[in-house]
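**Q** no FASTA, just this:
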Ligand code: BES
Ligand code: ZN
Ligand code: ZN
């Protein structure tokens, strides 16, 4: 595979303008029941009976509402509903992302390559996120545009039209937002890059090729990088990584990237991603249907890689480490067996009861490695358990850890950014499920609370002085049907935005501030 460091999907160019443009297609965002308040619609009404037409079409500005019409032979206007105006609710922002994506994807399918968007004032960030993430497609092995126009049974002439991309967006607003536009562009490009890598199958992305991508990113963006091969992994005592990787013909790679500011860093954090390039289950082989999509099991690492790429560009005053242990979980004559007892990097013994609970075995070695770098905080992203999807549905990540403050901080941040998360509680009474007759701990519980026991397993390897949050992204890392602004099936790049924003918040001292406030409050009580 050619080693890539950017998404194959070209983002449209964005130009911010205070004045409306004369372009063939216009997208207007309208809040629910505020059609009469829109100055843009009022302007159109002076030369076209637009109120009447909107009413006939039943367009009210509700979420999911879309209506488009030619108001003159060379002017198509599309309206998209933004839902109720309620600025405090984070879900409100999600409506904006979805509306922008819906409008642009529809206009693209009608062959427009240049669109101006109006009515998204104060929500420009979300409008752009909807555009950049919503228009994304993975076309490396199949041009989805061709497919879509064929499905619609269109004739040859319009087919070439429909293969067009949206190449240019004029964002109409009087706010000065050029920096914001560049930032959102970097962020969404990185998220789309993560999606590209997740979408690559196991015959393309394996521990070796994934580590090559990491090293190319480090090289291009100026990150520190060290990649350990199997001999070094063994020497460091990473028994979990060795055991999970030993069934594959392609040996594991342990990847460590870092960003260090020139000044003394304000804080040091580590981001860890699960990096199973394919999860067959190992000797505890998955049933046939469950194995399909298991190329997704490297999603955590892909998001960490993408976040590191952004961090290298925004250069925060904190030290950030990006870490993953890339392994392929395969059954073979050299694979680890159920009953095997292995030793993690800190010397603790683990009885492997189920080789399909492999992620946690690799993650604990990564956590121990990270904890020796002098970091105060660790966040891991992992497609860890099907149980998390049972608990929260496919679209919400499960958040756990040893610090409730940190876990809530991340959860609230993620939700603001359109990355849905919710806390799952550790429970001391579940501890006994992980007790082994032969080792310090075993790698699976009895099935109940499977997402939580997976988190509690990992917690046993986290030093007490480090704030650690684990985000189980088994559901939201990958979509098998269109949802929200994820029109393209496959990897979503879940977690990229949260990790990057978290870095910025920690840099700005926001998390510390919140913690101090809470302490002061509880001291008063
Ligand atoms: N990679 C899977 C988890 C997963 C399942 C991610 C479905 C995305 C969608 C993980 O390694 C796994 O197999 N977990 C097992 C754990 C069990 C053996 C305790 C599971 O969830 O069934
Ligand atoms: Zn597994
Ligand atoms: Zn897995």
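**A** Arrived safely, thanks for sending. Predicted model only: the values in this text are computed from it and were never measured. Ligands and ions are numbered 1, 2, ... in the order given.

**Q** for the closest residue to ligand 3 within the stretch 151-300 of the chain, name its beta-bridge partners.
**A** Nearest residue of the stretch 151-300 of the chain to ligand 3, counting by Cβ to the ion: residue 279, 3.7 Å away. The way it works is simple: take the backbone N, C-alpha and C, and place the C-beta from them, glycine included. Beta-bridge partners for residue 279, by DSSP bridges, are residue 329.

**Q** that one contacts residue 293, correct?
**A** No. Under the criterion of Cβ atoms under 8 Å, residue 279 makes no contact with residue 293, lying 9.6 Å away.

**Q** who has more neighbours out of the two?
**A** Per other Cβ atoms under 10 Å, whichever of residue 279 and residue 293 has more neighbours is residue 279, with 26 against 14.

**Q** list the contacts of that one.
**A** 286, 291, 294, 297, 329, 356, 358-359 (Cβ atoms under 8 Å, 6 or more residues apart in numbering).

**Q** got a pLDDT number for residue 292?
**A** As predicted, residue 292 sits at a pLDDT of 98.

**Q** and if you look at residue 88?
**A** 71.

**Q** now it: how far from residue 416?
**A** 11 Å (Cβ to Cβ, to the nearest Å).

**Q** so which of the contacts of residue 279 sit within helices?
**A** Judged by DSSP state H, those include 291, 359 as members of helices.

**Q** which two in the contacts of residue 279 are spaced the farthest apart?
**A** Among these, the pair separated by the greatest distance (Cβ to Cβ) is 291 and 359, at 15.1 Å.

**Q** more neighbours, these two?
**A** Neighbours per residue, other Cβ under 10 Å: of residue 291 and residue 359, the larger number sits with residue 359, 29 against 14.

**Q** quick check, residue 486 in contact with residue 479.
**A** Yes. Using Cβ under 8 Å, residue 486 is in contact with residue 479, at 5.0 Å.

**Q** what residues are shared contacts of these two?
**A** What both residue 486 and residue 479 touch, as defined by Cβ under 8 Å, 6+ apart, is the set residue 492.

**Q** looking at those two, which is more packed in?
**A** Between residue 486 and residue 479, counted using other Cβ under 10 Å, the more crowded position is residue 486 (23 against 20).

**Q** bridged to that one, which residues?
**A** Judged by DSSP bridges, the bridge partners of residue 486 are residue 483.

**Q** if we can go back for a sec, so which of residue 88 and residue 416 has more stuff around it?
**A** Ranked by neighbour count (other Cβ under 10 Å), residue 88 and residue 416 place residue 416 first, with 15 against 5.

**Q** how about the contacts made by the more buried one?
**A** By Cβ under 8 Å, 6+ apart, the residues touching residue 416 are 90, 93.

**Q** rerun that using 6 Å as the cut-off
**A** Contacts for residue 416 (Cβ atoms under 6 Å, 6 or more residues apart in numbering) come out as residue 90.

**Q** could you list the buried residues of stretch 72-86?
**A** Going by neighbour count (16 or more other Cβ atoms under 10 Å), the buried part of stretch 72-86 is 76-83.

**Q** what about it, distance to the chain center?
**A** 29 Å (Cα atoms, centre = their mean, to the nearest Å).

**Q** longest helix of the chain?
**A** When the chain is scanned for its longest helix (criterion: DSSP H), the result is helix 178-199.

**Q** what about that one, near ligand 1?
**A** No. On the criterion Cβ under 6 Å from any ligand atom, helix 178-199 is out of touch with ligand 1, staying 11.5 Å away.

**Q** which residues touch that helix?
**A** 7-9, 11, 14, 16, 125, 128, 132-133, 136, 138, 296, 299, 302-303, 306, 309-310, 313, 490-491, 493, 496.

**Q** now, of these, which are buried?
**A** Neighbour-count burial (16+ other Cβ under 10 Å) applied to the contacts of helix 178-199 gives 7, 9, 11, 14, 16, 125, 128, 132-133, 136, 138, 296, 299, 302-303, 306, 309-310, 313, 490-491, 493, 496.

**Q** narrow these to those in helices?
**A** Within the buried ones among the contacts of helix 178-199, residues falling in helices by DSSP H are 125, 128, 132-133, 299, 302-303, 306, 309-310, 313, 496.

**Q** can you pull out the helices in the stretch 51-200 of the chain?
**A** In the stretch 51-200 of the chain, the segments counted as helices under DSSP state H, counting those that start in this stretch are 90-109, 124-134, 144-151, 156-162, 178-199.
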